[in-house]
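In: Predicted model, plus sequence, below.
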Amino acid sequence: MTTPAVHVITILSLPQSMEASARCLASAAAHGLEARIFPAFTPVDDPVAIFRDKGWPTAKFTHNRYSRPLPCMACFASHAELWRICVSANRPLIVCEHDAVWVRPLPSSIHDGAWIVNLGKPSFGKWKQPPCGIGPLVSGPHFKGAHAYLIRPQGARELLRLAQTEAEPVDVFLSAKRFPLLRECFPYPAECRATFSTVQRAEGCAAKHDKVEII
């Protein structure tokens, strides 16, 4: 069975993002994964207009103590575009943010058909270690970072449907309460190794496990 391709969300105009993505691409290739750059939306692309066009609510972005509204909205739009592509192509894919690094191959159980599977080690806050294998999301109530996850068309449709009424920062949006079928893979095949953030405020950076610079 073919392993889904990895799409690395990358800010093409930002050298630090391009450098981080190159590291992600190389680490993916080293573990037998096909990976490619996916151009990110940024504040220059007018995320307010994108949200208006899509009909997504903005309240949970404009009133958020951890992230800056426009970059956070652009990040959500980038992920959502990959969800749309997943549905349109009718095949699973792996979403990565530029600061993800692959540390081990995907297990064969990744082909078991789960709709959405977190592949990334939590990058902020406290978390609980899950049992080995692919099982329910137990590390926290939501993804502790959306830096690496597998999504299948059924899951992508559900994300896009609920974005119409419940859009919020991607990692919090991907919650077990909202999506009971969320799964995670442990040991985690990918980790976030961040040195900078284009999205977080100081409060968000302070919660991260890595020391990051706001740019």
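Out: Received it, and whenever you're ready, just let me know what you need. Residues are numbered from 1 along each chain as shown.
In: could you pull out the helices for this structure?
Out: 15-30, 47-54, 59-62, 69-89, 153-166, 170-173, 202-207 (DSSP state H).
In: Between those helices, which has the poorest mean confidence score?
Out: For the helices of the chain, the weakest mean pLDDT is recorded on helix 202-207, namely a mean of 53.
In: OK, contacts around residue 168?
Out: By Cβ atoms under 8 Å, 6 or more residues apart in numbering, the residues touching residue 168 are 60-61, 64, 76. Just so you know, the C-beta spots here come from the backbone N, C-alpha and C atoms, and that holds for glycine as well.
In: before we move on, the earlier item: how about a markdown table for the helices of the chain, with distance to residue 2 and mean neighbour count added?
Out: A markdown table is the format used below for those (distance: least, Cβ to Cβ, whole Å; neighbours: other Cβ atoms under 10 Å):
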| stretch | distance to residue 2 | mean neighbour count |
| --- | --- | --- |
| helix 15-30 | 15 | 18 |
| helix 47-54 | 30 | 15 |
| helix 59-62 | 36 | 16 |
| helix 69-89 | 13 | 20 |
| helix 153-166 | 15 | 17 |
| helix 170-173 | 26 | 22 |
| helix 202-207 | 36 | 14 |
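In: now the ones you listed in a markdown table, with distance to residue 109?
Out: Formatted as a markdown table, these follow (distance: least, Cβ to Cβ, whole Å):
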| stretch | distance to residue 109 |
| --- | --- |
| helix 15-30 | 19 |
| helix 47-54 | 34 |
| helix 59-62 | 34 |
| helix 69-89 | 20 |
| helix 153-166 | 17 |
| helix 170-173 | 23 |
| helix 202-207 | 31 |
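In: of those helices, which approaches residue 188 most closely?
Out: helix 15-30 (13.1 Å; Cβ to Cβ).
In: Quick one: distance of the closest one to the chain centre.
Out: 15 Å (Cα atoms, centre = their mean, to the nearest Å).
In: Report all helices and strands that that helix contacts.
Out: strand 6-10, strand 35-39, strand 100-102 (3 or more Cβ pairs under 8 Å, 6 or more residues apart in numbering; DSSP states H and E).
In: With distance to residue 179 and mean neighbour count added, can I get the ones you listed in a markdown table?
Out: Output for the helices and strands packed on helix 15-30, formatted as a markdown table (distance: least, Cβ to Cβ, whole Å; neighbours: other Cβ under 10 Å):
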| stretch | distance to residue 179 | mean neighbour count |
| --- | --- | --- |
| strand 6-10 | 20 | 24 |
| strand 35-39 | 22 | 17 |
| strand 100-102 | 21 | 28 |
